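J.: My questions are about this predicted structure, shown below with the sequence.
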Amino acid sequence: MENLLSKINNPTDLRKLPENQLPQLAQELRNFIIDIISKKEGHLGASLGVVELTIALHYVFNTPEDLLVWDVGHQAYGHKILTERRDIFHTNRALHGISGFPRREESEYDAFGVGHSSTSISAALGMALASQLKGEVDKQHIAVIGDASIASGMAFEGLNHTGVTDANLLVILNDNAIGIDPSIGALKNYLTSVKEGKNPKQNNIIKSLNFDYSGPIDGHDLPKLLSELERLKKVKGPKFLHVITTKGKGLQLAEEDQVKYHAPGKFDAETGKIHPKDESHLPPKFQDVFGHTLVELAGKNEKIIGITPAMPTGSSMKYMMEAFPKRAFDVGIAEQHAVTLAAGMATQGMVVFCNIYSTFLQRAYDQVIHDVALQNLPVIFCLDRAGLVGEDGATHHGVFDIAYLNCIPNLIIAAPKDEVELRNLMFTASEGLNHPIAIRYPRGRGENVDWQQPFEKIEIGKITQLQKGTKVAVLSTGTIGNNVTKALAETENSSLFSHYHFPFVKPLDIKEISKIIDSHDYIITVEDGVITGGFGEQINSIVVRQHLQKPIKNLGISDSFIEHGTVFELQQICKIDVTNLIQLFNTFQHD
């Protein structure tokens, strides 16, 4: 049988195929995705679930002139392959390769850059209204959003606005009842009732928002998809198509375990079996240290609560949800709600651990300031994926948190250097602080196999001296300090260097820092966050205010967005890896 996909370079080629060949193309596209991701890793299940929908959209609509916006982007692999990136798809998420998410700079077919959820409706509405103003009356605008993403407040804001316009916008709900973890909430239950043909279908919430609602239809039935999209293309104003899909479609194990196969790592393309890894001898992931420690603390204190916005597996809050289901809450993709919910609980004396990825806390900045810090409520923010996160790239790096949190009054900012210190910071916070605290820690594994040590309270603002030297003071915060330790062990003139670890970025012990600076000739700061507004610049300001007049070098993330690659590769680019630190340290000589 002739291979169709090899001849499809763009949607123009796709539209030349007769409709009866599209099911064959769908199977080839699904196989292509499975083959590449089995070797290169990436987001598998979501893209497998929308193969037919992807083909139908590009077949019916005149992309890129018609504007197609994918929400989040986990499901956009098929889109990328059909839009002039098939031959480079193997570089997906690799250094200097294509992004794992749609990016405007990468392709004219990527109408909007995405990585965080629930933005598609607002963005596509903005495009549709702009087209109206430009007199482009026949231009089509399509937003594809999942059932987990549409529950977010921003998505409802977009729907609410769209309903009072006559914008030519089609919202497609890709309903598979799961995001990364299973969808939750009353809206999920409502959509399930609609799918089952129960009463809500007659009193449809989407219709009440002035959308032309159609569906639900089988998202794997190409003839039905093509027919309905062709019909909707001729309907003016706001339209809403409810499509039912299966995440992981076409790979049995991915259909059966949709959470594991969201991003399964390397696996056998034929069977779907994930290649086993012996990780018993490795240090734990920081997320698991958080998860198990939270359960341990919760077992001793019935006031401890856990909250996560849609990331129980990714953050390891699942352990708390299993052990204490009534005291752990997955609130869905709703970071703003998560923060203010935590604040409300804190007013009633609960000890609330609000676990949010660093990059996602950006979405709830006002709530951190207005609802938590302004009222000085002792919410404990645990910021997973702080620092460079690797292959997910610029949309997911947690490099801004120190800078954007540092200016907020009342807020303590902590950054442990290892698993033991993370445990102790969580313990210290749970014992009762008079202020909110943010504890930032990275993606990936720690340094210690023997990490479950007895709890010890940590003095707020304490600075730890890890090495004593004579000339250069290296000041680091968080786990990047382990790179400093390793580099100093390989440095020729290591005795010149003192190394100080800062478990706390805020508050800073200005008196102690002044002593450190005064007793050394040169200062180096190292962090895995942005330099602008970060830890190093706080040290710089102390030098200026105390009139200490010492040369300082700040190492960290420069004033630019860092792309995707392995964490090691990105640390090299930022010159905060061990090798670059050794080279820098070796430039210092004995007097």
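T.: Thanks, I have the structure now.

J.: CA atoms for contacts and neighbours, from now on please.
T.: Will do.

J.: For Ser227, give its distance to Glu19.
T.: With the distance defined as Cα to Cα, to the nearest Å, Ser227 ends up 11 Å from Glu19.

J.: Kindly apply the preceding question to Cys407 instead.
T.: Cys407 sits 58 Å away from Glu19, going by Cα to Cα.

J.: tell me the contacts of the spatially most central residue of the chain?
T.: Ranked by distance to the mean C-alpha position of the chain (Cα atoms, centre = their mean), the top residue is His396 at 4.4 Å. Contact analysis of His396 by Cα atoms under 8 Å, 6 or more residues apart in numbering lists Gly115, Thr359, Val389.

J.: can I get the residues you listed in a markdown table with pLDDT, distance to Phe400 and secondary structure?
T.: Putting the contacts of His396 into a markdown table (pLDDT from 0 to 100; distance: Cα to Cα, whole Å; DSSP: H, G, I helix; E, B strand; the rest coil) gives the following:
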| residue | pLDDT | distance to Phe400 | secondary structure |
| --- | --- | --- | --- |
| Gly115 | 92 | 16 | coil |
| Thr359 | 97 | 8 | helix |
| Val389 | 96 | 12 | coil |
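
J.: what about the helices in the stretch 51-200 of the chain?
T.: Per DSSP state H, counting those that start in this stretch, the stretch 51-200 of the chain carries helices over the ranges 51-60, 77-80, 120-133, 153-162, 186-195.

J.: hmm, I was thinking of the stretch 351-500 of the chain
T.: Ranges of helices in the stretch 351-500 of the chain, per DSSP H, counting those that start in this stretch, are 358-361, 365-367, 401-406, 419-430, 481-489.

J.: looking at it, Ser152 is touching Ile333, isn't it?
T.: Yes. In terms of Cα atoms under 8 Å, Ser152 counts as a neighbour of Ile333; the distance is 5.4 Å.

J.: Those two: who's more crowded?
T.: Remark: of Ser152 and Ile333, Ile333 carries more neighbours, 26 against 20, as counted by other Cα atoms under 10 Å.

J.: I figured that one hits Gly146, correct?
T.: No. With contact defined as Cα under 8 Å, Ile333 does not reach Gly146; the gap is 11.0 Å.

J.: can I get the contacts of His396 in a markdown table with neighbour count?
T.: Supplementary listing: the contacts of His396 in a markdown table, determined by neighbours: other Cα atoms under 10 Å:
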| residue | neighbour count |
| --- | --- |
| Gly115 | 20 |
| Thr359 | 22 |
| Val389 | 25 |
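
J.: list the helices and strands the biggest strand by length in the chain packs on?
T.: For the chain, the strand with the greatest residue count under DSSP state E is strand 522-530. Judged by 3 or more Cα pairs under 8 Å, 6 or more residues apart in numbering; DSSP states H and E, strand 522-530 is in contact with helix 401-406, strand 472-476, helix 535-545, strand 552-557.

J.: tilt between that strand and helix 481-489?
T.: Relative orientation of strand 522-530 versus helix 481-489 (axes from the mean of the first three to the mean of the last three Cα atoms, to 10 degrees): 140 degrees.

J.: Quick one: mean pLDDT for strand 522-530?
T.: The average of the pLDDT scores along strand 522-530 is 97.

J.: check contacts around Asn535.
T.: Careful, residue 535 is Phe; it's not Asn. Ile402, Ala403, Thr477, Val505, Thr525, Glu527.

J.: Walk me through the domains of this structure.
T.: The chain breaks down into these domains under automatic domain parsing: 5-12+19-262, 286-440, 464-585.

J.: so of those domains, which one's packed in deepest?
T.: With neighbours defined as mean count of other Cα atoms under 10 Å, those peak in mean count at domain 286-440, which reaches a mean of 21.

J.: From start to finish, how long is that one in a straight line?
T.: Counting by Cα to Cα, the terminal residues of domain 286-440 are separated by 10 Å.

J.: Would you agree Tyr190 is in contact with Pro200?
T.: Yes. At 7.2 Å, Tyr190 counts as touching Pro200 under the criterion of Cα under 8 Å.

J.: Can you show me the strands along the stretch 1-150 of the chain?
T.: Ranges of strands in the stretch 1-150 of the chain, per DSSP state E, counting those that start in this stretch, are 67-70, 141-146.

J.: Ignore what I typed, I meant the stretch 151-300 of the chain.
T.: Assigned by DSSP E, counting those that start in this stretch, the stretch 151-300 of the chain shows strands spanning 169-175, 212-218, 239-244.

J.: can you redo these as JSON lines with distance to Gln24 and mean pLDDT?
T.: Shown next, in JSON lines, are those (distance: least, Cα to Cα, whole Å; pLDDT from 0 to 100):
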{"stretch": "strand 169-175", "distance to Gln24": "22", "mean pLDDT": "95"}
{"stretch": "strand 212-218", "distance to Gln24": "18", "mean pLDDT": "92"}
{"stretch": "strand 239-244", "distance to Gln24": "21", "mean pLDDT": "95"}
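
J.: Could you export those as CSV, including distance to Leu555?
T.: Output for the strands of the stretch 151-300 of the chain, formatted as CSV (distance: least, Cα to Cα, whole Å):
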stretch, distance to Leu555
strand 169-175, 43
strand 212-218, 53
strand 239-244, 49
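
J.: Out of those, the one nearest Lys457 is which?
T.: Distance to Lys457, taken as Cα to Cα, is lowest for strand 169-175 among the strands of the stretch 151-300 of the chain, at 46.6 Å.

J.: Out of the helices of the stretch 51-200 of the chain, point me to the one whose mean pLDDT is lowest.
T.: Minimum mean pLDDT among the helices of the stretch 51-200 of the chain: helix 186-195, a mean of 83.

J.: and that helix with strand 212-218, angle?
T.: Put simply, helix 186-195 runs at 70 degrees to strand 212-218, going by the same axes, to 10 degrees.

J.: list the contacts for His90?
T.: Counting by Cα under 8 Å, 6+ apart, His90 has contacts Ile36, Lys40.

J.: show me where pLDDT drops low in the stretch 451-591 of the chain?
T.: Across the stretch 451-591 of the chain, the ranges flagged by pLDDT under 70 are 590-591.

J.: what's the distance between Leu29 and Ala167?
T.: Distance from Leu29 to Ala167, counting by Cα to Cα: 33 Å.

J.: And Thr272, what's its pLDDT?
T.: No, residue 272 isn't Thr; it's Gly. Gly272 is assigned 85 on the pLDDT scale.

J.: didn't it look like it was pressed against Gly250?
T.: No. Counting by Cα under 8 Å, Gly272 does not reach Gly250; the two are 10.3 Å apart.

J.: What is the end-to-end distance of stretch 40-56?
T.: For stretch 40-56, the end-to-end distance is 27 Å (Cα to Cα).

J.: His499 reaches Thr470, doesn't it?
T.: No. At 10.7 Å, His499 does not count as touching Thr470 under the criterion of Cα under 8 Å.

J.: how near is the nearest residue to Asp87 once chain neighbours are set aside to Lys207?
T.: Nearest residue to Asp87, sequence neighbours excluded (Cα to Cα, 6 or more residues apart in numbering): Ile81, at 7.9 Å. Taking Cα to Cα as the measure, Ile81 falls 34 Å from Lys207.

J.: rewinding a little: could the helices of the stretch 351-500 of the chain be laid out in CSV, adding distance to Lys575?
T.: Listed next are those as CSV, based on distance: least, Cα to Cα, whole Å:
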stretch, distance to Lys575
helix 358-361, 22
helix 365-367, 29
helix 401-406, 19
helix 419-430, 24
helix 481-489, 11
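
J.: Of those helices, which is nearest Gly536?
T.: Closest approach to Gly536 among the helices of the stretch 351-500 of the chain (Cα to Cα): helix 401-406, 10.2 Å.

J.: Can you get me the centre-to-centre distance for that closest one and its chain?
T.: For helix 401-406, the separation from the chain centroid amounts to 17 Å (computed by Cα atoms, centre = their mean, to the nearest Å).
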